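# Any chance you can model this:
(one chain, ligands or ions: 1)
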Amino acid sequence: MSQSSGNGAVVLVGCGRLGSAILEGWLATETVAPAELIIVTPSQKPAAEAARALGARVNPHGAALAEARAVVLAVKPANWREALRPLLPHLAQSAVLISVMAGVRAGEIAEASTRSVARVMPTTGVAQGRGVAALWSADVEARETARALFARMADVVDLEREAQMDAATAVAGSAPAFIHAFVQALARAGETQGLSSEAAERLARGALRSAGAGAETGEPLEALIARIASPGGTTQAGLEAMAAAGDLDRAAEAAVEAAVRRAQAISG
Ligand SMILES: NC(=O)c1ccc[n+]([C@@H]2O[C@H](COP(=O)([O-])OP(=O)(O)OC[C@H]3O[C@@H](n4cnc5c(N)ncnc54)[C@H](OP(=O)(O)O)[C@@H]3O)[C@@H](O)[C@H]2O)c1
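Numbers count the residues shown, from 1 in each chain. Next up, the predicted model:
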């Protein structure tokens, strides 16, 4: 298996929560060779230092950016213009900009950079090579460059329209936190039914791992549910109670709607 998915350097701008996860995923899955990696970060980060120890360049002189074939923007939506401005004069015209930012339209980045732009919305599970990522670009080459950078560490889901990116952000990027919050609620419900808080949390976490393993098989969710819910059993009783209350659907709709509204507000 080759260590890189193309010729030329890959630049990561921003090494926070998501940037570090992307960096770890690239190295773990050998998507980008350390010698091809350039990291731009205002402060020292453990993931960047680990990559530096393997041969990546951290905050090199601007001239090094001329080799870049792709630049991944992993800063907060409010910071991308100031982060990109000093890099632009050094970048080749052929460099593709890949934004993993919520709510920033590709057209804004293309206009400011005069480069091709792809948008990717990954989960931090990319760090373990087990993420999911929504992908959109109007430019075929930019789309394929972005796909090659994420395909080994995420299930890449193509979107038909950029407008779908906000919903994808809610259902993928934000959703692991929604699911953890539900697992927390399950643990609390277990406590109400007499479990100690430690036992309830361990059991609920274990249930999440088991559900994750089921999801990894690729079987339809309906089949995964049916396998656990035997007719007349305890799971069936719980599922019927959730469906009757309607609260689960309402909570999911409210969370996704609020995340979409927030992404729209960020993009103005
Ligand atoms: N977290 C997620 O799960 C997730 C999922 C999907 C999408 N996203 C998107 O990913 C982006 C980053 O989110 P995050 O959660 O990783 O935020 P974060 O932890 O705050 O990371 C942002 C990083 O950007 C760095 N930065 C600020 N100005 C910079 C500059 N001029 N040049 C280079 N780096 C700069 C910051 O460096 P310092 O720490 O030194 O200030 C910080 O480490 C956001 O746009 C978000 O919408 C996040």
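# name the element the closest residue to V132 other than its chain neighbours belongs to?
Nearest residue to V132, sequence neighbours excluded (Cβ to Cβ, 6 or more residues apart in numbering): D155, at 4.7 Å. Backbone N, C-alpha and C define where each C-beta goes, glycine included. Per DSSP states H and E: D155 is located in strand 154-158.
# So what are the sheet partners of that strand and their directions?
strand 131-136 (parallel) (DSSP bridges).
# From the chain's centroid, how far away is the partner strand?
From the chain centre to the centre of strand 131-136 is a distance of 7 Å (Cα atoms, centre = their mean, to the nearest Å).
# do stretch 74-83 as well
The answer for stretch 74-83 is 17 Å, by Cα atoms, centre = their mean.
# Likewise for stretch 253-264?
Distance of stretch 253-264 from the chain centroid (Cα atoms, centre = their mean) equals 17 Å.
# What of stretch 142-150?
For stretch 142-150, the distance to the chain centre is 14 Å (Cα atoms, centre = their mean).
# cool, and stretch 138-150?
Using Cα atoms, centre = their mean, the offset of stretch 138-150 from its chain centre is 16 Å.
# circling back to that earlier point, show me how far the strand holding D155 is from its chain's centre.
The answer for strand 154-158 is 10 Å, by Cα atoms, centre = their mean.
# So is it next to the ligand?
No. Strand 154-158 does not reach the ligand (Cβ under 6 Å from any ligand atom); its nearest approach is 11.3 Å.
# gap between the residue nearest to V132 and A243?
In this view, D155 and A243 are 28 Å apart by Cβ to Cβ, to the nearest Å.
# neighbour count winner among those two?
D155 (15 against 11; other Cβ atoms under 10 Å).
# All the strands of the protein, in order from the start?
Residue ranges of the strands in the chain, as given by DSSP state E, are 9-13, 37-40, 57-58, 68-73, 96-99, 117-122, 131-136, 154-158.
# one step back: and the strand holding D155, C-alpha only, in CSV?
Only the C-alpha atoms of strand 154-158 are listed here, as CSV (Å, rounded to 0.1, in the frame of the first residue of the first chain):
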residue,chain,number,x,y,z
ALA,A,154,-13.9,7.5,6.9
ASP,A,155,-17.0,6.3,5.1
VAL,A,156,-17.2,9.1,2.5
VAL,A,157,-20.8,10.0,1.7
ASP,A,158,-21.2,12.1,-1.5
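# any residues touching it, and which ones?
25, 120, 122-123, 125-126, 130-136, 143, 147, 150, 168, 172 (Cβ atoms under 8 Å, 6 or more residues apart in numbering).
# Chain neighbours aside, what residue packs nearest to R17?
Using Cβ to Cβ, 6+ apart, the closest residue to R17 is T124 (6.4 Å).
# before we move on, what about R69?
Nearest to R69 is G8, by Cβ to Cβ, 6+ apart, at 3.3 Å.
# what about G55, how many residues close to it?
11.
# Show the contacting residues for it.
Contacts of G55 (Cβ under 8 Å, 6+ apart): 34-35, 37.
# again, 7 Å this time
34-35 (Cβ atoms under 7 Å, 6 or more residues apart in numbering).
# What separation is there between it and the ligand?
Between G55 and the ligand the distance is 20 Å, computed by Cβ to the nearest ligand atom, to the nearest Å.
# Surely E67 and N7 touch.
No. At 9.1 Å, E67 and N7 do not qualify as touching, with contact defined as Cβ atoms under 7 Å.
# Next, format the strands of the chain as JSON lines and append mean pLDDT.
Rendered in JSON lines, the data for the strands of the chain read as follows (pLDDT from 0 to 100):
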{"stretch": "strand 9-13", "mean pLDDT": "98"}
{"stretch": "strand 37-40", "mean pLDDT": "98"}
{"stretch": "strand 57-58", "mean pLDDT": "98"}
{"stretch": "strand 68-73", "mean pLDDT": "98"}
{"stretch": "strand 96-99", "mean pLDDT": "98"}
{"stretch": "strand 117-122", "mean pLDDT": "96"}
{"stretch": "strand 131-136", "mean pLDDT": "96"}
{"stretch": "strand 154-158", "mean pLDDT": "97"}
